[in-house]
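>>> coordinates only, sequence not included:
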């Protein structure tokens, strides 16, 4: 079990290191490429569902190690239909026989399928992450685990990317156009899935989304015309400096930032600040997009604690194994030394050739067995980085003859004749205890 956990930890670390601080399309592309490499599947993609959950359009598709063009497909008669209905689906083999009407799978000669739903901030299924292979999948549990670990992060990034597009559109709108279409714009902001607020040059509210009011516990409060700093007197100075830079024409963002609320609540947020412009192209104010990622942050911290616990368990198990090997080898060496002592005494005291031959074989085999026992200790030393290799010059023919000699009784019992022919001694440098 601990080896499996270590393998998951290693794969998880590789994905996290690959993603780094990427976002948007780069985040999706890096994720599907890295997952495809780790799970050894020809195809991995992330799909975005339409509102009716009848069609999926890929937003990132990795095929044979390369990012290729996206495509759109209907979910009916495909395994993705079950994933869109909030189910993790795994078909390690013969998936086309289970979905004979899925022409895409048939044309691609797909043998196995794994799909996991992706969720938005309200726990609704908004997309799916899928792995396809032309051969059977052998380690579906690992793939499902990795997909589920990153499903929440992918869903959040899809939401954030779509909200960012809305925000960019807002930033392009000039003030006179905002006034003319204020009602429609307010409706658009109200139903935006993200927290959005629009401010003038004095940082007074012009428009605000319902999600903003909910995330910051302002539902039922009329904030239009109010100063943002009066509404949130606890806003840190570093954010005020960001607002000033935004009012100077800069666009800024942070993937995660902490907000210590006046009511004692610690809130983790992702934010972006962009200026909006008046008809004369002067800055009229800023638009702030923010997203409460406190739950995502808590989930990441919980997973990190879980990984650290799994690592400590694995290390403890490994240490227990090493101790067991050390104790076992010690217990075995004690009787082996006795056998070696008696066989050596027999060689010295016995005059009969046949008896000396037997004692010599016992002594030779016992020495080899003692070397094997010592080899168990070397395993522990190797794992701890303390293994020492003693390279010496050896004669291969001599080692082969010794092995044949130690097995002579078994060979004779089976009426097997085994001989060696060596015209010229062969020398090699190696540690003979590893042979």
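Noted; the coordinates are in hand. Just so it is clear, the structure is predicted and the values come from calculations on it, not from any experiment. Residues are numbered from 1 along each chain as shown.
>>> residue 345: which element?
helix 294-349 (DSSP states H and E).
>>> show the average pLDDT along that helix.
Averaged over helix 294-349, pLDDT sits at 73.
>>> for whichever helix or strand comes after that helix, what does the pLDDT average out to?
With elements assigned by DSSP H and E, the helix or strand that comes after helix 294-349 is helix 353-383. Helix 353-383 shows an average pLDDT of 74 in the prediction.
>>> helices or strands next to helix 353-383 in the packing?
Judged by 3 or more CB pairs under 8 Å, 6 or more residues apart in numbering; DSSP states H and E, the packing partners of helix 353-383 are helix 294-349, helix 396-406. C-betas here are computed from N, CA, C, even on glycine.
>>> as a markdown table, those with distance to residue 279 and mean neighbour count would be great.
Compiled in a markdown table, these are given as follows (distance: least, CB to CB, whole Å; neighbours: other CB atoms under 10 Å):
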| stretch | distance to residue 279 | mean neighbour count |
| --- | --- | --- |
| helix 294-349 | 39 | 13 |
| helix 396-406 | 91 | 15 |
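>>> how about those helices in a markdown table, adding distance to residue 118?
Shown next, in a markdown table, are the helices and strands packed on helix 353-383 (distance: least, CB to CB, whole Å):
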| stretch | distance to residue 118 |
| --- | --- |
| helix 294-349 | 13 |
| helix 396-406 | 60 |
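>>> quick one: the helices in the stretch 151-300 of the chain?
175-180, 182-190, 210-215, 228-231, 237-247, 294-349 (DSSP state H, counting those that start in this stretch).
>>> what's the helix holding residue 345 packed up against?
Helix 294-349 packs on helix 2-19, helix 140-172, strand 266-277, helix 353-383, going by 3+ CB pairs under 8 Å, 6+ apart.
>>> pull out the buried positions in the longest one.
Put plainly, it is helix 140-172. Buried positions in helix 140-172, judged by neighbour count with 16 or more other CB atoms under 10 Å: 140, 142-147, 149-164, 166-167, 170-171.
>>> what about that helix, average pLDDT?
Mean predicted confidence for helix 140-172 is 81.
>>> begin at 48, not 1, for the rest of this chat.
Renumbered: residue one is now 48, and that last one reads helix 187-219.
>>> just want the angle from it to strand 313-324.
Interaxial angle, helix 187-219 versus strand 313-324 (axes from the mean of the first three to the mean of the last three CA atoms, to 10 degrees): 40 degrees.
>>> taking helix 341-396 as reference, get the angle to helix 187-219.
For helix 187-219 against helix 341-396, the angle by the same axes, to 10 degrees is 150 degrees.
>>> which stretches of the stretch 48-197 of the chain have low pLDDT?
Residues of the stretch 48-197 of the chain meeting the criterion pLDDT under 70: 48-56.
>>> if we use 90, what do you get?
The model of the stretch 48-197 of the chain has pLDDT under 90 over residues 48-72, 85-87, 98-99, 133-134, 166-171, 184-197.
>>> just the stretch 198-347 of the chain next, same as before
Within the stretch 198-347 of the chain, the ranges that satisfy pLDDT under 90 run 198-204, 206-243, 253-269, 302-317, 323-329, 336-347.
>>> what's the residue lying farthest from the centre of the chain in contact with, if anything?
Using CA atoms, centre = their mean, the residue of the chain lying farthest from its centre is residue 398. It sits 69.4 Å away. Applying CB atoms under 8 Å, 6 or more residues apart in numbering to residue 398 gives no contacts.
>>> repeat for residue 181
With contacts defined as CB under 8 Å, 6+ apart, residue 181 is in contact with 89, 155-158.
>>> tell me the spacing between it and residue 115.
16 Å (CB to CB, to the nearest Å).
>>> so the closest residue to residue 195 other than its chain neighbours is in which element?
Spatially, and ignoring its direct neighbours in sequence, residue 195 is nearest to residue 163 (6.0 Å; CB to CB, 6 or more residues apart in numbering). In this assignment (DSSP H and E), residue 163 forms part of strand 159-166.
>>> same check on residue 127?
Going by DSSP H and E, residue 127 is part of helix 126-131.
>>> ok, residues contacting that helix?
Outside helix 126-131, the residues touching it (CB under 8 Å, 6+ apart) are 94, 96, 100, 103, 120, 122, 136, 138, 142, 145-146, 149, 160, 162-164, 172, 175, 177.
>>> keep only those of these that are in strands.
Using DSSP state E, 94, 96, 103, 120, 136, 138, 160, 162-164, 172, 175, 177 are the members of the contacts of helix 126-131 that sit in strands.
>>> got the contact list for residue 70?
Here residue 70 is in contact with 204, 207-208, 302 (CB under 8 Å, 6+ apart).
>>> and the two most separated of those residues?
Largest separation among the contacts of residue 70 by CB to CB: 208 and 302, giving 12.4 Å.
>>> give me the distance between the closest residue to residue 344 other than its chain neighbours and residue 257.
What sits nearest to residue 344 in space, not counting adjacent residues and going by CB to CB, 6+ apart, is residue 315, at 4.2 Å. As judged by CB to CB, residue 315 and residue 257 stand 21 Å apart.
>>> do the same with residue 158
Counting by CB to CB, the separation of residue 158 from residue 257 is 47 Å.
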